[in-house]
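*Asks:* What follows is a protein structure lacking sequence information:
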């Protein structure tokens, strides 16, 4: 299930106001991107502004949102630019997904091995492992 299903985007957009922390603003930006294709350029522009600021752009949530948006845009190099350093299981799992979309199973397997070394029982590691078996 994604936030684009079941009207979750509208709830997220309405509940996160301008005073919210930047990572929450990034989640709102992702919801706006997924719900309004006509606003795609402005959401990507806002995201790029945040990523240009080193203090904001290093946040794991913002990097996860960036990776997700650029993966949806099929700009895999740009997605990996923001997710490759990992840091969280979410980012590692997104890397696996990006590599699979790029048809680079060799890199996806390497990323999966990193996840297994960190925590082989983690739910995301198990899901990534199952993705690799298909």
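*Replies:* Ah, there it is. Quick caveat: nothing in here was measured; it's all calculated off a predicted structure. Residues are numbered from 1 along each chain as shown.
*Asks:* Any chance of the backbone angles for the nearest residue to residue 76 once chain neighbours are set aside?
*Replies:* Leaving aside its sequence neighbours, residue 76 sits nearest to residue 102 (Cβ to Cβ, 6 or more residues apart in numbering; 5.0 Å). In this view, the C-beta of every residue, glycine as well, is placed from N, C-alpha and C. With angles defined as degrees, to the nearest 10, residue 102 sits at phi -80, psi 0.
*Asks:* Got the confidence number for residue 102?
*Replies:* Turning to residue 102, the model gives it a pLDDT of 96.
*Asks:* Residue 132 now?
*Replies:* Per the predicted model, pLDDT is 82 at residue 132.
*Asks:* For the chain, which segments count as helices?
*Replies:* 8-15, 22-35, 40-52, 54-57, 60-72, 76-83, 89-101, 105-119, 123-132 (DSSP state H).
*Asks:* Export these as CSV, with columns for mean neighbour count.
*Replies:* Output for the helices of the chain, formatted as CSV (neighbours: other Cβ atoms under 10 Å):
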stretch, mean neighbour count
helix 8-15, 14
helix 22-35, 20
helix 40-52, 15
helix 54-57, 12
helix 60-72, 21
helix 76-83, 19
helix 89-101, 21
helix 105-119, 16
helix 123-132, 15
